[in-house]
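In: Predicted model, plus sequence, below.
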Amino acid sequence: MDRLNWDGTPASTDAETAQASNPYLLPYTDEVKAATDHLYERVKHVVTPMEWPQKAALIHAINTLKAEKNAVILAHNYMTADIFHCVGDLMGDSLALARMAAESDADVIVQAGVHFMAETAKVLAPEKTVLIPDMEAGCSLASSITGEDVRRIKAAYPGVPVVTYVNTSADVKAECDMCCTSSNAVQVVESLNSDTVILLPDQYLAKNVAAQTDVKILTWAGSCEVHEQFTTEDVQDLRDAHPGVVIITHPESPLEVVQAADFAGSTAAMADWARNSGAKKAVLLTECSMSDNVAVEVPEIEFIRPCNLCPHMKKITLENIYDALRFDQHEVHVDADVIEGARASVQAMLDLPKPAAPASFDPACQEKPVDIVTV
Ligand code: SF4
């Protein structure tokens, strides 16, 4: 018999009461189970059977909303595996996501990544609605420099080409000659046919690029708070603890870490390496979710997982993606004149010949002097 309230109206069920206090606690119905069972196969290495029903219901609700709104989710490699493998439509590093955003015929783009990535999507697809689930999802590199800083640098170094790493605001991109990513930074710098290039804002990427080219590099004192923390001691400790392990690092880490590793490259290069290496045991010295996501595609590699969490990337959750789609929040706006300048900078990069594979950084490189500009 149904329970009744004091006035004779039907009382809420326990499930309804729980959902009212937690709007993300959606029912795990037969329909949800049928629609999501195949997705569990992709994430069962990181999601327990007990956690899955609640996640599955939310994943199903998100995927239903996407279809209703003709929306796509751009999922960066550093998203947790439930986002990356269960609701992401287009997955990859910042360059791949930017390219795919421009080519997508969706009306709405939800950026499961950080704010500069959402801005880049808006720059390349200004007619689309771009949403970011949490406006606070920033980046230590992007916040290290402003468009005004770049204007001052250009005034202090007239005639020297300025390249910006993609991890910057649209305002910064609009002031620069060309954009680059860690997949193509050396190619971009060398394409400018200049003895000297200013490469902003990551001092570690700049030092790693300088070690791979004869172009003189000047840079800015920005850094990625995740990758700058790795040390050569970490590399040695891992080799001692796991004999035979292959160590892969990112060019946002210090040069000496790249020199101590077996391979270095962008997240795209790391994933490419994992697919083709034939290695048995590896460490991806990068953000924590990268190994979880690559492991789904390459289960034959045992990934040892020391890592650093990016607090900005981890602001994006299934819950706030659900809210972004339900409430059309938070829309990313970029001024039309900034879009024009930033698009020219990104497009100059996209117009370069596309390499057959993402470039890697040779660990056997030699350090070269890199000056940090101050203005
Ligand atoms: S991992 Fe580093 S570069 Fe990437 S968003 Fe986080 S702070 Fe920025």
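Out: Now that the structure is in, tell me what you want to look at. Note that the structure is predicted; figures quoted are calculated from it, not measured. Numbers count the residues shown, from 1 in each chain.
In: any idea whether the residue in the stretch 51-200 of the chain positioned nearest to the ligand is helix, strand or coil?
Out: With C-beta to the nearest ligand atom, the shortest gap between the stretch 51-200 of the chain and the ligand falls at residue 139, namely 3.2 Å. In short, each C-beta sits where N, CA and C put it, glycine included. Of the three states, residue 139 takes coil under DSSP: H, G, I helix; E, B strand; the rest coil.
In: Report the contact partners of it.
Out: Residue 139 sits next to 114, 115, 116, 167, 224, 312 when contact means C-beta atoms under 8 Å, 6 or more residues apart in numbering.
In: Please name the nearest non-neighbouring residue to it.
Out: Nearest residue to residue 139, sequence neighbours excluded (C-beta to C-beta, 6 or more residues apart in numbering): residue 114, at 4.9 Å.
In: wait, isn't the one you found in contact with residue 312?
Out: Yes. At 5.0 Å, residue 114 and residue 312 qualify as touching, with contact defined as C-beta atoms under 8 Å.
In: Find residues that contact each of the two.
Out: Counting by C-beta under 8 Å, 6+ apart, the contacts common to residue 114 and residue 312 are 137, 138, 139.
In: Just the pLDDT for the residue in the stretch 151-300 of the chain positioned nearest to the ligand.
Out: Nearest to the ligand, among the residues of the stretch 151-300 of the chain, is residue 224, at 3.3 Å (C-beta to the nearest ligand atom). With respect to pLDDT, residue 224 scores 98.
In: quick one: which of residue 114 and residue 312 has more around it?
Out: residue 114 (25 against 22; other C-beta atoms under 10 Å).
In: Now for the more buried one: which residues touch it?
Out: By C-beta under 8 Å, 6+ apart, the contact list for residue 114 reads 76, 137, 138, 139, 142, 312, 313.
In: Using a markdown table, lay out the residues you listed together with pLDDT.
Out: Converted to a markdown table, the contacts of residue 114 look like this (pLDDT from 0 to 100):
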| residue | pLDDT |
| --- | --- |
| 76 | 95 |
| 137 | 98 |
| 138 | 97 |
| 139 | 98 |
| 142 | 98 |
| 312 | 97 |
| 313 | 97 |
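In: where do the strands sit along the stretch 1-150 of the chain?
Out: Applying DSSP state E, counting those that start in this stretch to the stretch 1-150 of the chain gives strands spanning 71-76, 90-92, 108-112, 129-131.
In: any chance of those strands in a markdown table, plus mean neighbour count and distance to the ligand?
Out: Formatted as a markdown table, the strands of the stretch 1-150 of the chain follow (neighbours: other C-beta atoms under 10 Å; distance: least, C-beta to the nearest ligand atom, whole Å):
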| stretch | mean neighbour count | distance to the ligand |
| --- | --- | --- |
| strand 71-76 | 25 | 8 |
| strand 90-92 | 19 | 14 |
| strand 108-112 | 27 | 12 |
| strand 129-131 | 22 | 17 |
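In: Now the weakest link among the ones you listed, please, by mean pLDDT.
Out: Looking at the strands of the stretch 1-150 of the chain, the bottom one is strand 90-92 with a mean of 91.
In: Name the surrounding residues that touch that one.
Out: Strand 90-92 is contacted by residues 72-77, 84, 96-97, 100-101, 104, 267-268, 293 when judged by C-beta under 8 Å, 6+ apart.
In: switch the cut-off to 7 Å
Out: 72, 74, 75, 77, 84, 97, 100, 104, 268 (C-beta atoms under 7 Å, 6 or more residues apart in numbering).
In: Residues in a beta bridge with the second one, which ones?
Out: Legend: beta-bridge partners of residue 74 under DSSP bridges are residue 90, residue 111.
In: so who does it touch?
Out: 90, 97, 100, 101, 109, 111, 112, 113, 121.
In: let's see 10 Å
Out: 88-92, 94, 96-98, 100-101, 104, 106, 109-113, 117-118, 120-121, 130 (C-beta atoms under 10 Å, 6 or more residues apart in numbering).
In: And for residue 228?
Out: 140, 202, 203, 204, 222, 252, 253, 254, 257, 308.
In: could the residues you listed go into TSV alongside distance to residue 277, neighbour count and secondary structure?
Out: TSV is the format used below for these (distance: C-beta to C-beta, whole Å; neighbours: other C-beta atoms under 10 Å; DSSP: H, G, I helix; E, B strand; the rest coil):
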residue	distance to residue 277	neighbour count	secondary structure
140	30	19	coil
202	26	30	strand
203	29	22	helix
204	24	23	helix
222	31	26	strand
252	21	27	coil
253	19	28	coil
254	23	21	coil
257	19	27	helix
308	23	16	strand
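In: Turn those into a markdown table, columns for distance to residue 181.
Out: Formatted as a markdown table, the contacts of residue 228 follow (distance: C-beta to C-beta, whole Å):
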| residue | distance to residue 181 |
| --- | --- |
| 140 | 17 |
| 202 | 11 |
| 203 | 17 |
| 204 | 14 |
| 222 | 15 |
| 252 | 11 |
| 253 | 16 |
| 254 | 19 |
| 257 | 19 |
| 308 | 20 |
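In: ok, which residues in the stretch 1-150 of the chain are in contact with the ligand?
Out: 114, 139, 140, 141 (C-beta under 6 Å from any ligand atom).
In: Need the pLDDT of residue 10.
Out: 73.
In: Number of residues surrounding it?
Out: Residues near residue 10, counting by other C-beta under 10 Å, number 10.
In: likewise residue 68?
Out: Residues lying near residue 68 (other C-beta under 10 Å) number 9.
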